[in-house]
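Undergrad: 3D, please:
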Amino acid sequence: MSSLLHPDVLSQMGFTLRRDRPLIVSDVDEVLVRFIKGMEHYLGERGLYYDWKHYDFDGTIRRRADEALVTREEMRQIHDGFLRDRIEHLEPVPGGAEALIALSERAQIVILTNLPAQATEQRRRGLEKLGLRHPLVANIGGKGPAMRHLAALVEAPTFFLDDLPSHHASVAVASPDTTRVHFVEDERLVKLMGVADSHHRTDQWPVARAFIEDRLSAAGF
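TA: Here you go, the predicted model:
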């Protein structure tokens, strides 16, 4: 896993952050929107299903008619079509947008999501429908380098929310002073992902919000 910030990610960070204000960096899928449930519905419309053998879609998508796995090329086409047609319309995770909007009164918010650049505008529109108009960065690879760059721009507490243990591990190394919240709304995914190296684990936004607010208050913000 590279420790360098990809230049295409750096180029998206032209926004300004206040040095004296806390920073919350949040993922999107399974944190703010229900990606996997949207994908399950999308697959079902095409006579396919996700067999829940592991988290990665590669090697887990089957045809209902004969139980055959789709090919890697078919999976790429399905994934691209889903990003193009559906991510703007995904069901929100209950309380997520409301929590970030409330927290934005005490902290700066940046949305850090791993997805192809061509899907960025669909993602932006989907977030705006939820009332979230914060800076959006389409990340590439582990999120540690991006978090390290953002955290260096502020002199206040920083927080990171994500569902994937690999991103928590990346941030733990690259930005060790950042408080990491492992948030996975779909409990089925927790069993596939395992435990993340985080300071707090939850699937409920009121709990995540209270945890962050307590940390902010303790730090005098």
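Undergrad: Identify all contacting residues around the helix or strand of the chain with the lowest mean pLDDT.
TA: Sorting the helices and strands of the chain by mean pLDDT, DSSP states H and E puts helix 187-193 at the bottom, at a mean of 86. Applying CB atoms under 8 Å, 6 or more residues apart in numbering, the external contacts of helix 187-193 come out as 30, 36, 52, 54, 55, 163, 164, 165, 184, 203. Every residue, glycine included, has its C-beta placed from N, CA and C.
Undergrad: So which other helices or strands are in contact with the following helix or strand past it?
TA: Using DSSP states H and E, the helix or strand that follows helix 187-193 in sequence is strand 200-202. Helices and strands touching strand 200-202, by 3 or more CB pairs under 8 Å, 6 or more residues apart in numbering; DSSP states H and E, are strand 179-183, helix 205-218.
Undergrad: Just put the ones you listed in CSV and tack on mean pLDDT, distance to residue 23 and mean neighbour count.
TA: CSV is the format used below for these (pLDDT from 0 to 100; distance: least, CB to CB, whole Å; neighbours: other CB atoms under 10 Å):
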stretch, mean pLDDT, distance to residue 23, mean neighbour count
strand 179-183, 98, 11, 24
helix 205-218, 98, 11, 16
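Undergrad: mind putting those in CSV, distance to residue 156 included?
TA: Below are those laid out as CSV (distance: least, CB to CB, whole Å):
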stretch, distance to residue 156
strand 179-183, 12
helix 205-218, 9
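Undergrad: Residue 20 is nearest to which of these?
TA: Closest to residue 20 of the helices and strands packed on strand 200-202 is helix 205-218 (CB to CB; 13.2 Å).
Undergrad: and the top strand by length along the chain, which strands flank it?
TA: Determined from DSSP state E, the single longest strand within the chain is strand 108-114. Taking DSSP bridges as the criterion, strand 108-114 forms sheet pairs with strand 23-26 (parallel), strand 136-139 (parallel).
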